[in-house]
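K.L.:
What follows is a predicted protein model with its sequence.
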Number of protein chains: 2
Amino acid sequence: MPRANIFDVAKLAGVSIKTVSRVVNHEPNVRASTKERVDQAIAELSYRPDQSARNLASHRSHLIGLVYDDPAAYELPTSGYIIKMQQGALTACRSAFSELLIHPCNYRTKDVAAQLTSLIEETRPAGIILAAPLSNMPKIVRAIDATGTPFVRLSPGKPDEKRFSIGTNDRESSAEMTRYLASLGHKRIAFITGHASHKAVANRFLGYQDGLQQSGLKFSERLVVAGDNSIESGEACAEKLLTRKQPPTAIFAANDDMAAGVIRVAHRMGVDVPEQLSVAGFDDIALARMIHPALTTVRQPLTEMAQRAAEALIEGKCGDASERAPETVPATLQIRESTGPAAR
Amino acid sequence: MPRANIFDVAKLAGVSIKTVSRVVNHEPNVRASTKERVDQAIAELSYRPDQSARNLASHRSHLIGLVYDDPAAYELPTSGYIIKMQQGALTACRSAFSELLIHPCNYRTKDVAAQLTSLIEETRPAGIILAAPLSNMPKIVRAIDATGTPFVRLSPGKPDEKRFSIGTNDRESSAEMTRYLASLGHKRIAFITGHASHKAVANRFLGYQDGLQQSGLKFSERLVVAGDNSIESGEACAEKLLTRKQPPTAIFAANDDMAAGVIRVAHRMGVDVPEQLSVAGFDDIALARMIHPALTTVRQPLTEMAQRAAEALIEGKCGDASERAPETVPATLQIRESTGPAAR
DNA sequence: CTGAAATTTGACAGCGCTGTCAGAAGCAGG
DNA sequence: CCTGCTTCTGACAGCGCTGTCAAATTTCAG
């Protein structure tokens, strides 16, 4: 049995193909009763519009392009980031009968912008999702802009104001984590800052300060140590903190790697986590669940961000003119085993 | 200036559109001189066929589906694997004006097969690349088979005989690595085996034995210790081996993680690598280049395998009937800093 | 040279859908 | 029951390409 086409549906519903088309595309001006008949016929025949035909007739594809910097090109193990974005975008695409076109590219290449331009010209996607760090490069943004293709920027930190973008609330969620630690009775909550150049990570430090204040705790420079995002720096910071006369009862690290370092040092020093020390991280990398005790952390909503981005593109509301307000997808606390009530 | 279509090309080249179509699709029976004229016109107008129109007219899409088990679904940090496959497949697709459709799925889900079937019915891809471990599941293979879609199985170990698949030569390359170590003067070359369930890893152990024999060295049970693919097991095995009265001068681990563990232990024990101990791994994960000293290892040609798979699919030679012989893409030795001449 | 076979080329009808635009139906108000 | 309006529906022409099949051209044996 060959797959049903728009004529079959029209015949069964007793309408013209154009009306079926209207229903399928959610166009206005279709009587409710008519729409119902058509919907029923669609269901009965399990009709699915042929994408190629739609694309051909409408001069635009139902493709969403996901453009990201490709870490494999220079061997960074950040691929989890990419997989998550892909997942999110795919989810949105599937439920909208759209397809996802992935386009890894190396931002160090001279002609990334030109490559992007030709990709767009060739595939004429309905929209582009531009991941960080590409999303922060004026050259790239300009190139996409020039093609007139709608696009959404995925920025790990706060979205900026110029064009539509989706970000997350690092600062607020750090504050939340801090409040959570305070609510467990911790008075001395230390913070390990991350690499200075990382904007999102700086926001987390601000959030930590907010959280202290909101919990009625005093911020103290003495409880802040500087890491550089690596596990090793986390270890070094933990050693500094835990060998003090009056060590903190909780350590909040600006990322999971450093938090993992803290836990490792605690093990070595015979400090029980979470009985004697609570440890929290940020990012919710795969490692967070795999270490012991499993790490309490803040989950970056990368998947959701990408999904929202794709949805926005599919809705077609990211057009050139539309000055749409940036969106923020909230990060969420993942309470696991590494945090607990403050020791008395 | 709107983009050129097949009529523009035909006019410029002084032929019919059908002839242009023939040239574009590499169909036979076009005179060389004609083809040349058409190619020139294509170049001049920078013509690119409209995929939607081709798909619509030809009833098949120019999509290649890449189907793989999605580690993010249950948080394994194996994503580098996926990224590499994607890269390879993308390379092939780009040069053939095809698009890559990615389809991560969770093999633990009950209805993976059904999902796959509906994906195929909906998008009608020109071919499917099926990655391990999905490629070894009869249920999945049957489901794809039933749709009549050409597919290639990507298997990390030896390709099997039943249907077209692409694999790599774990055994031969392990032998090669072993011979390389022997050629550096090592007489006591230890091997750390991997997790028993991993077929490819078992092949590596066989390769090690082959290599010893080919180098005129005697295989000894005493030089073999069992790991489980993890860094930690690598560390444990290294401790066992290095605390012996007569420790090996080279350790070949069945994967990079375990090799990294060996190097870590060597550091701790004050054993210089490669001066006092050569260490080799297998896989060439991102980590291999990042540790110090950089790890000598065997590179799995994942990217190439995926590329070959996509090419085969695009060539259209993986059809149902065509009993095509499995292909093997050779793995290659990556000599880095962790191996050197045997200590005297 | 000639005729038949082999090779190369072209005309044209769709593929399944959307956009345009005209026509039908519904709905007030008189 | 008609007018003038709005709301809804349908006929039909493409979109750019490929498949079919017949026509044109070339090739080659005799």
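P.N.:
Sure, I can see it. Numbering: from 1, shown residues only, chains lettered A, B, ... in the order given.

K.L.:
Around chain B, pick out the residues from chain A.
P.N.:
Proximity of chain A to chain B (CB under 8 Å from any CB of the partner chain) is limited to residues A:3, A:48, A:50-53, A:55-56, A:61, A:63, A:70-72, A:75-77, A:79-80, A:82-84, A:86-87, A:90, A:97, A:99-102, A:104, A:121-123, A:286-287, A:289-290. C-beta coordinates here come from the backbone N, C-alpha and C atoms, glycine included.

K.L.:
Among the residues you listed, name the ones in helices.
P.N.:
Mapping the residues of chain A next to chain B onto helices (DSSP state H) picks out A:51-53, A:55-56, A:79-80, A:82-84, A:86-87, A:90, A:121-123, A:287, A:289-290.

K.L.:
Please type out the PyMOL selection for whichever of these turn out to be buried.
P.N.:
Of those, the buried ones go into a single PyMOL selection, burial set by 16 or more other CB atoms under 10 Å in any protein chain shown:
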select buried, chain A and resi 51+52+55+56+79+80+82+83+84+86+87+90+122+123+287+289
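
K.L.:
so which of the ones in helices among the residues of chain A next to chain B are also by DNA strand D?
P.N.:
Of the residues in those, proximity to DNA strand D by CB under 7 Å from any atom of the strand holds for A:53, A:56.

K.L.:
re earlier: cross-check the residues of chain A next to chain B against DNA strand C and keep the overlap.
P.N.:
Within these, those near DNA strand C by CB under 7 Å from any atom of the strand are A:50, A:53, A:56.

K.L.:
Grab the nearest non-local neighbour of the second one.
P.N.:
Looking back up the chat, that one is residue A:53. Leaving aside its sequence neighbours, residue A:53 sits nearest to residue B:56 (CB to CB, 6 or more residues apart in numbering or on different chains; 5.1 Å).

K.L.:
Cross-check the contact I'm expecting between the one you found and residue A:51.
P.N.:
No: look at residue B:56 against residue A:51 with CB atoms under 8 Å: they stay out of range, at 9.2 Å.

K.L.:
Name the residue of the stretch 101-250 of chain A that lies nearest to chain B.
P.N.:
Closest residue of the stretch 101-250 of chain A to chain B, CB to the nearest CB: residue A:122 (5.6 Å).

K.L.:
Spit out the contact partners of that residue.
P.N.:
B:48, B:97 (CB atoms under 8 Å, 6 or more residues apart in numbering or on different chains).

K.L.:
give me that answer again for 6 Å
P.N.:
Contacts for residue A:122 (CB atoms under 6 Å, 6 or more residues apart in numbering or on different chains) come out as residue B:48.

K.L.:
Also residue A:145?
P.N.:
Neighbours of residue A:145 in contact, by CB under 6 Å, 6+ apart: none.

K.L.:
So it, which state does it fall into?
P.N.:
Put simply, residue A:145 is helix when judged by DSSP: H, G, I helix; E, B strand; the rest coil.

K.L.:
measure stretch A:146-163 end to end?
P.N.:
Stretch A:146-163 has an end-to-end distance of 14 Å (CA to CA, to the nearest Å).

K.L.:
Return the per-residue confidence for the residue of the stretch 101-250 of chain A closest to chain B.
P.N.:
In this model, residue A:122 is scored at 73, pLDDT.

K.L.:
Kindly report the same for residue A:198.
P.N.:
pLDDT recorded at residue A:198 is 68.

K.L.:
Report the beta-bridge partners for residue A:129.
P.N.:
Beta-bridge partners for residue A:129, by DSSP bridges, are residue A:66, residue A:152.

K.L.:
Give me every residue in chain A lying close to DNA strand D.
P.N.:
Where chain A comes near DNA strand D, counting by CB under 7 Å from any atom of the strand, the residues are A:14-19, A:22, A:28-31, A:34, A:53, A:56-57, A:59.
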